[in-house]
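Participant: all I have is the shape, not the residue letters:
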């Protein structure tokens, strides 16, 4: 079940129709949320509920065993068994085919001419359960925090599974920490004011607008370009990759906005997962603003345990490359995702070594703009690997981008003739989508400027409630009548 489907609209309407009757009783409320979450996830394929439940049972039991262990050695044993089991499940479903394929390629490289290494996995293990990377990492963080002594484990399995399976963020995050979400689940939610409910609704509508009007419209153009690479014009490919950058941002942050809005209606506060990432002035800053729940997860559970930046320059770079390489692999079982992570590791290492962006930012406004431009170019180059089907396609696109051929081979005329859902698209509609992207960029730039200058202009602009409602009505109208081809959220595949 995906957010941008009619069945989900019916599901959420039924859920909140009964919410006021159950929200004031902790056990009933948790049972209600858990039942709704399992129905939400099982709607896609109920068989894979067993994987979700198994992962949760493992970490719930491991946390209790860790707390009850008499010494650190026994605690470490239970933690290791928990992590191996979770990573084993993740590896079986997500990386088994990838591993077999690379073993075959390696055997061919060595000149082995016999039959390929054949592993006949059941079909059940060849379909990637939606959101498995998200809920596995969320479940693992709970056990790790208990082991580190940062969290007391809950003895109520109902509370734990409500935390783990909360449907707004189950399949694409944010990857919530138990220390933030568990106390909220076990407490009776406060009654929301009319203003709070309206703000949550605005967040939901804004998320749908970013997904359905911006991301889905851009997706059609970007997909057509990558499906048939015929252009050698550098400008064409810079435009396409820039379009993908906006597509993936609006797609993923749109999902997060919807999830946060729905959770807020339930009286829960999910963490903010994006913070104007495309205004970063170096790669390190980008990772502190993009997919914050994942980047902080890798920082706290991979980078810092490896030693972080405490044990000398060489080990700092080693830890950085391992962390970002694993982050890329987390996104998918393909070398393109690994290269995406390693690109960020390379750019971050160069910045740490030479400090170009750091130096530029000390030169005033022009230096900050130049640092932002250089960082943006690096981000776009890395996105090529993320979007490409394989490494050869990525290299072909990069070759075209840096060919300095800005005249021939660009099908801009076809770009303005491509249609939505197989229907011829008017030039006005294309221009509208590009205009909306520009407005979104400028709005975030203005918001960032006000925040850095400590200007509370948004609070000072007292927009009448009726005008706010009209604006939301307009955005809702655009979601219905200017939506792109219906596509599932990009991060569902991870």
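Facilitator: Nice, thanks for sending it over. Everything numeric here is computed off the predicted structure, so don't read it as measured data. Numbering: from 1, shown residues only.
Participant: where in the stretch 101-250 of the chain is pLDDT low?
Facilitator: When residues are selected by pLDDT under 70, those of the stretch 101-250 of the chain lie in 112-127, 229-232.
Participant: correction: the stretch 351-494 of the chain
Facilitator: Along the stretch 351-494 of the chain, segments meeting pLDDT under 70 span 406-465, 486-487, 489-494.
Participant: repeat that for 80
Facilitator: With pLDDT under 80 as the threshold, the stretch 351-494 of the chain has low-confidence stretches at 404-472, 475, 477-494.
Participant: can you give me the helices for it?
Facilitator: Here the stretch 351-494 of the chain has its helices, by DSSP state H, counting those that start in this stretch, at 356-361, 365-387, 391-401, 412-415, 427-452, 457-460, 465-481.
Participant: in the protein, where's the longest helix?
Facilitator: Among the segments of the chain that qualify as a helix by DSSP state H, the longest is helix 72-109.
Participant: who are the packing partners of that one?
Facilitator: Judged by 3 or more C-beta pairs under 8 Å, 6 or more residues apart in numbering; DSSP states H and E, the packing partners of helix 72-109 are helix 49-68, helix 132-148. Using the backbone N, CA and C atoms, a C-beta is placed for each residue, glycine as well.
Participant: output the contacting helices and strands for the last one.
Facilitator: Based on contacts counted as 3+ C-beta pairs under 8 Å, 6+ apart, the elements that helix 132-148 packs against are helix 49-68, helix 72-109, helix 157-165, helix 178-186, helix 292-298, helix 313-331.
Participant: list the buried ones in stretch 345-360?
Facilitator: In terms of neighbour count (16 or more other C-beta atoms under 10 Å), stretch 345-360 has its buried residues at 345, 346, 347, 348, 349, 351, 352, 357, 360.
Participant: ugh, typo on my part, it should be stretch 174-185
Facilitator: Residues of stretch 174-185 classed as buried: 174, 175, 176, 177, 178, 181, 182, 184, 185 (neighbour count, 16+ other C-beta under 10 Å).
Participant: how about stretch 144-151?
Facilitator: So stretch 144-151, judged by 16+ other C-beta under 10 Å, has buried residues 144, 145, 146, 147, 151.
Participant: residue contacts, the closest residue to the second one other than its chain neighbours?
Facilitator: What it means is residue 145. If the residues on either side of it in the chain are set aside, residue 145 comes closest to residue 151, at 4.0 Å by C-beta to C-beta, 6 or more residues apart in numbering. Contact criterion C-beta atoms under 8 Å, 6 or more residues apart in numbering gives 142, 145, 178, 179 as the residues in contact with residue 151.
Participant: how far away is residue 151 from residue 304?
Facilitator: With the distance defined as C-beta to C-beta, to the nearest Å, residue 151 ends up 17 Å from residue 304.
Participant: same check on residue 475?
Facilitator: Plainly put, residue 475 is 41 Å away from residue 304 if you go by C-beta to C-beta.
Participant: again, but for residue 467
Facilitator: 47 Å.
Participant: using the three-state scheme, assign the closest residue to residue 134 other than its chain neighbours.
Facilitator: Ranked by C-beta to C-beta, 6+ apart and with sequence neighbours excluded, the top spatial neighbour of residue 134 is residue 173, at 5.1 Å. Going by DSSP: H, G, I helix; E, B strand; the rest coil, the secondary structure assigned to residue 173 is coil.
Participant: I figured residue 173 hits residue 294, correct?
Facilitator: Yes: distance between residue 173 and residue 294: 7.1 Å, which falls inside the contact criterion (C-beta atoms under 8 Å).
Participant: need the helices and strands packed on helix 132-148 in a markdown table with distance to residue 380, can you?
Facilitator: Output for the helices and strands packed on helix 132-148, formatted as a markdown table (distance: least, C-beta to C-beta, whole Å):
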| stretch | distance to residue 380 |
| --- | --- |
| helix 49-68 | 36 |
| helix 72-109 | 26 |
| helix 157-165 | 36 |
| helix 178-186 | 33 |
| helix 292-298 | 19 |
| helix 313-331 | 16 |
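Participant: now for the closest residue to residue 402 other than its chain neighbours: which residues touch it?
Facilitator: For residue 402, the nearest residue in space outside its immediate sequence neighbours is residue 234; the separation is 6.9 Å by C-beta to C-beta, 6+ apart. Residue 234 is in contact with 400, 401, 402, 403, 404, 405, 406, counting by C-beta under 8 Å, 6+ apart.
Participant: between those residues, which is nearest residue 195?
Facilitator: Using C-beta to C-beta, the shortest approach to residue 195 within the contacts of residue 234 belongs to residue 401, at 46.9 Å.
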